[in-house]
Structures are given as structure tokens and as C-alpha cells.
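Student: Sequence first, predicted coordinates after that:
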Amino acid sequence: MNGRGAAPIHPLAAVVAVLVLIFLALPIFVVIPLSFSSGQYLTFPPPGFSLRWYERFVTDPTWMGATWLSLWVGLTVTALAVLLGTPAAFALVRGRIRGSRIINAFILTPVIVPGIIVAIGVYFFYARLGLIGSPLGLVLAHTCLAVPFVVINVSATLYGFDQRLEYAAMSLGASPLATFRQITLPLVGPGIFAGAVFAFITSFDELLVALFVSGNTAVTLPRLMWDQIRFNIEPTIAAVSTLLIAFTTLLMLSAEMLRRRSARLRTA
């Protein structure tokens, strides 16, 4: 470190970082060209250029049905995760609760425990309740997986929040509700939105639990992609994967922009 900023990055570290990024992004650079292939099967390099597989995706009722189900489940899970995770984060950070660390660890359990164990446990529990193949079962299971991401993001925002701003607002005559609406929420809002984005992505991209509990009547988009890659190798899967990559990247960039905005507001 020097007085003018951070220490310069070593050239070797920069080269290693670039190589790691290339290694991680290489599958993307393979999938995207395959989605525009004119061939009947997944072959690389593609024999020609065509948009037929994107057309196939938007016109096939099976693909669109799975997509709309995943969107509905993801949005429902996001709403439930925000409604449950935001108050939990406030309680854990600002509340004087005995055993808050244990409670926090319990909330984060779905993130820590291997996904296959969670999926098996959910399957046996749902089998007794008759929720196998039910969209409601998917919503409940995905909500358990998504709530920790809301708690993590909102808690991180609250730890960097200066409560003196709230005290100043209330000392000037603002009610607790007005203080929350005009001071707390604008500063914590980006953290809530970031948690909502991660909750949606967790539900929308989740596969393991869906494999166990979706049955044949509540097939999500990742589950359909899994089935198709096992029994069918046409490039429609590459087209769907490309759309998912673009959609997820857009959501992540939006969350990052709001995170930076929240940091600037807290600094100001």
C-alpha cells in the first residue's frame, strides 16, 4: 500500500486471473455459437448459421410451458423470500436476540448443506404430504433455498448503515414510519433488491430439488433441459442456455449497479 492508493497488481497475478476467467468463460463461448447452428445435432463448430432453434423454443408449447412455470415459481419465491428474509435480517442485525448466531447459522443451512442432501430430505417429506409434482411444493422448497441469500445481502447492507441518519431524522420530528420510508428504505433498498435477484436466480436455475419433486406435472425449465440433454441433443438446448446466460447476466449487472449506488449513498 502507498499513500495514493492500493498497491499495483503483480503481472503474474494478472495473467493468472485472466487465464482463470478464460477457463470459466470458455463453455459460454462454445454454447453461444451452437445456439445459432444450422445442423440437426449439437456439433462444434456449427456447419452454418440459423435462428431455427430460437424459433423452435418460442413456438414449442413444452418449452414455453416449462419457461412460464419457472418464471411463476421464481417470482413467487422471490416475493416470499424478500418478505421473510428482510425482517429476519433486521432482527438479526438490530435486534437483541439471544442465540442470534445460532439462528443465523440455521437460516444459512440450505446454502451450507450439499444440495443433494436437501433434495433427498425434501423428497421424503413431500412424499408423505402428497406434494410431489406440485408447483406449490416447488415454491416452498425453493423459498427455503432462497431466503438465505436475502438475509445475507440485507444483513451486509445493514452492517454498513449509519443509524445516526435515522436518529437525526427522528430528532427533527419524523415519525418512525416516515424515517423508515424516507431514510432507511432508500439506503437498504439496493441490498433488498440484490437479495431478490439472487433469490430469483436460485429458484429459476435450481435443478436438484426439481429433479426430485417436480414429477411429471411441474416440470421447470432446468428440469426440461436436463431431460432433453439426456434423450435429445438438438441445438434447442444451446439456444435456451444462451437466453438464460443473457438473462442472468442482465440481472447480475442490475444488482451490481444498485449495490454501487447504495455504497455511494452511504458514503455521502
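Tutor: It's in.

Student: Mind pulling up the pLDDT for residue 200?
Tutor: Looking at residue 200, its pLDDT reads 91.

Student: ah, wrong one, I meant residue 105
Tutor: We have a pLDDT of 80 for residue 105.

Student: For it, pull up the helix or strand it's in.
Tutor: Using DSSP states H and E, residue 105 sits in helix 100-107.

Student: which secondary structure elements does that helix contact?
Tutor: Packed against helix 100-107 by the contact rule (3 or more Cβ pairs under 8 Å, 6 or more residues apart in numbering; DSSP states H and E) you find helix 61-94, helix 135-159. For the C-beta atoms, the positions are set from N, CA and C on the backbone; glycine is no exception.

Student: Ok, which of the ones you listed comes nearest residue 176?
Tutor: helix 61-94 (12.9 Å; Cβ to Cβ).

Student: Remind me what that closest one packs against, helices and strands.
Tutor: helix 52-59, helix 100-107, helix 135-159, helix 185-204, helix 221-231.

Student: would CSV of the ones you listed with mean neighbour count be doable?
Tutor: As requested, the helices and strands packed on helix 61-94 are arranged in CSV below (neighbours: other Cβ atoms under 10 Å):
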stretch, mean neighbour count
helix 52-59, 15
helix 100-107, 14
helix 135-159, 22
helix 185-204, 22
helix 221-231, 17
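
Student: Could you dump the ones you listed into CSV and include distance to residue 87?
Tutor: Shown next, in CSV, are those (distance: least, Cβ to Cβ, whole Å):
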stretch, distance to residue 87
helix 52-59, 39
helix 100-107, 12
helix 135-159, 9
helix 185-204, 11
helix 221-231, 30
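
Student: And those: which comes nearest residue 253?
Tutor: helix 185-204 (9.9 Å).

Student: List of residues touching the following helix or strand past the closest one?
Tutor: Remark: after helix 185-204, the chain's next helix or strand is helix 208-213, criterion DSSP H and E. Residues from elsewhere that reach helix 208-213, judged by Cβ atoms under 8 Å, 6 or more residues apart in numbering: 115-116, 118-120, 122-123, 126, 131-134, 137-138, 141-142, 145, 219-220, 222-223, 226.

Student: ditto for stretch 50-65
Tutor: 35-38, 219, 221, 224, 234-236, 238-240, 243.

Student: pLDDT (mean, whole number) over that stretch?
Tutor: Rounded mean pLDDT across stretch 50-65 is 84.

Student: CA atoms only for that stretch, dumped as PDB, please.
Tutor: Taking Å, rounded to 0.1, in the frame of the first residue of the first chain, the C-alpha atoms of stretch 50-65 are listed here in PDB:
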ATOM      1  CA  SER A  50     -29.600 -20.300 -38.400                       C
ATOM      2  CA  LEU A  51     -32.200 -18.900 -36.000                       C
ATOM      3  CA  ARG A  52     -34.400 -22.000 -36.300                       C
ATOM      4  CA  TRP A  53     -33.600 -23.200 -32.700                       C
ATOM      5  CA  TYR A  54     -34.700 -19.900 -31.200                       C
ATOM      6  CA  GLU A  55     -37.900 -20.200 -33.200                       C
ATOM      7  CA  ARG A  56     -38.300 -23.700 -32.000                       C
ATOM      8  CA  PHE A  57     -38.000 -22.600 -28.400                       C
ATOM      9  CA  VAL A  58     -40.700 -19.900 -28.600                       C
ATOM     10  CA  THR A  59     -43.100 -22.000 -30.700                       C
ATOM     11  CA  ASP A  60     -42.800 -25.300 -28.800                       C
ATOM     12  CA  PRO A  61     -45.600 -25.500 -26.100                       C
ATOM     13  CA  THR A  62     -43.400 -27.800 -24.000                       C
ATOM     14  CA  TRP A  63     -40.500 -25.400 -23.800                       C
ATOM     15  CA  MET A  64     -42.800 -22.400 -23.200                       C
ATOM     16  CA  GLY A  65     -44.800 -24.200 -20.600                       C
END
